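J.: the sequence and its predicted three-dimensional model are supplied below.
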Amino acid sequence: MVISSPGLQNHQGDEQKDLEATYNIVEIFHSVQGEGFRAGIPHVFIRFGRCNLRCEWCDTDFDTFTEMTGKEILDAVLQYPTKNVVFTGGEPMLNDLWALNRLLKSRDYHLSIESNGTIEIPENLIDWICISPKDQMYPNSILRQQTGDELKCVYVGQPLEMYDEIKSGFVHKYLQPCYHEGESVEWNGRNFAQTEQIVKENPEWRLSLQTHKWMGIL
C-alpha cells in the first residue's frame, strides 16, 4: 500500500466532496501494464476492494482493504510520472467513481478500467474499457456492459460461441490462458498450449499473456 503525502498539487477547483469521498483500496502501485492492448505502458494501478464474483483463479485478496479518501488516492497517484491510471479490483464498478474521475481528469489523466461487466459503466466516466466476462464460471450472470475497447476472456476450455452476441461491441478481442496458482506447472502449461491453439484456429481473437507475472513484477 502506498502511503500518501499530504498536500500534493491540489487544485483550487477541486470540490471538497470529491476530496472527502471514501473508497476501499487494496493497493495503489506503479507498474507496467502486462496484458492486453496497452501492454508495456506504465500505469498507476488503483486496486479496489470487494467483488460481486468469486472466481477460483483470482489472485487478489479483495476482502482485505484500507479506506482511503479521494485526496489520499490523488496524492498517491501524483507521486508517479505516468499520466495513465487503471481502476481494477476486485470489481471497481461497485464504487461510484465520479469523484476520482473529476480529480484525475482535471489533471489530464487517462483512465482505464478492468471490469467483469456485470455493472454498466456510465458514458464519459472511463477512457479505456476492458471487460473480462466471467460467464464461463457464472453462466447466470448478466453482462450489462456490452461495449468497450477490449473484450478479454480468460480461457478455461469454454466454447467461443458463447461470445458471439457480444464480441461485435468491442474493438479488440483477447483470449488469455487461465493461470491458476493452485494448479501444477503441467496444468498451467496445458492450458497455455490449448489457448494458443484456439487462437490459431480463430484468428479474430488475439492471445493475451500476463507478462508481468513472468517478469516477477506487480
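T.: Perfect, thanks for sending it. Given the structure is predicted, the values throughout are model-derived calculations rather than measurements.
J.: strand partners (parallel or antiparallel) of the longest strand seen in the chain?
T.: For the chain, the longest strand by residue count, based on DSSP state E, is strand 22-32. Here strand 22-32 has these sheet partners by DSSP bridges: strand 42-48 (antiparallel), strand 66-69 (antiparallel).
J.: then the shortest one to PDB, C-alphas only?
T.: The C-alpha coordinates for strand 66-69 follow below in PDB (Å, rounded to 0.1, in the frame of the first residue of the first chain):
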ATOM      1  CA  THR A  66      -8.000   0.100   3.700                       C
ATOM      2  CA  GLU A  67     -10.500   3.000   3.500                       C
ATOM      3  CA  MET A  68      -8.900   6.000   1.700                       C
ATOM      4  CA  THR A  69     -10.300   9.400   0.700                       C
END
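J.: next helix or strand past that strand?
T.: Next along the chain after strand 66-69, taking DSSP states H and E as the criterion, comes helix 70-77.
J.: now for the helix or strand following that next one, which elements pack on it?
T.: Sequence-wise, the next helix or strand downstream of helix 70-77 (DSSP H and E) is strand 84-88. Counting contacts by 3 or more C-beta pairs under 8 Å, 6 or more residues apart in numbering; DSSP states H and E, strand 84-88 packs against strand 42-48, strand 110-115. All C-beta atoms are positioned from the backbone trio N, CA, C, and that covers glycine.
J.: any idea which helix or strand comes after strand 84-88?
T.: helix 98-105.
J.: and that following helix, average pLDDT?
T.: Averaging pLDDT along helix 98-105 yields 98.
J.: buried residues in that helix?
T.: 99, 100, 101, 102, 103, 104 (16 or more other C-beta atoms under 10 Å).
J.: go ahead and flag the most central residue of this protein.
T.: Closest to where the C-alpha atoms of the chain average out (C-alpha atoms, centre = their mean) is residue 114, at 2.4 Å.
J.: which ones are touching the residue nearest to that one when sequence neighbours are not counted?
T.: Distance criterion C-beta to C-beta, 6 or more residues apart in numbering; nearest residue to residue 114, sequence neighbours excluded, is residue 88 at 4.4 Å. Contact analysis of residue 88 by C-beta atoms under 8 Å, 6 or more residues apart in numbering lists 45, 46, 47, 48, 113, 114.
J.: swap the cut-off to 10 Å and go again
T.: 26-27, 43, 45-48, 60, 62, 112-115, 130 (C-beta atoms under 10 Å, 6 or more residues apart in numbering).
J.: can you redo those as a markdown table with pLDDT?
T.: Shown next, in a markdown table, are the contacts of residue 88 (pLDDT from 0 to 100):
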| residue | pLDDT |
| --- | --- |
| 26 | 95 |
| 27 | 96 |
| 43 | 97 |
| 45 | 97 |
| 46 | 98 |
| 47 | 96 |
| 48 | 96 |
| 60 | 69 |
| 62 | 70 |
| 112 | 98 |
| 113 | 98 |
| 114 | 96 |
| 115 | 96 |
| 130 | 97 |
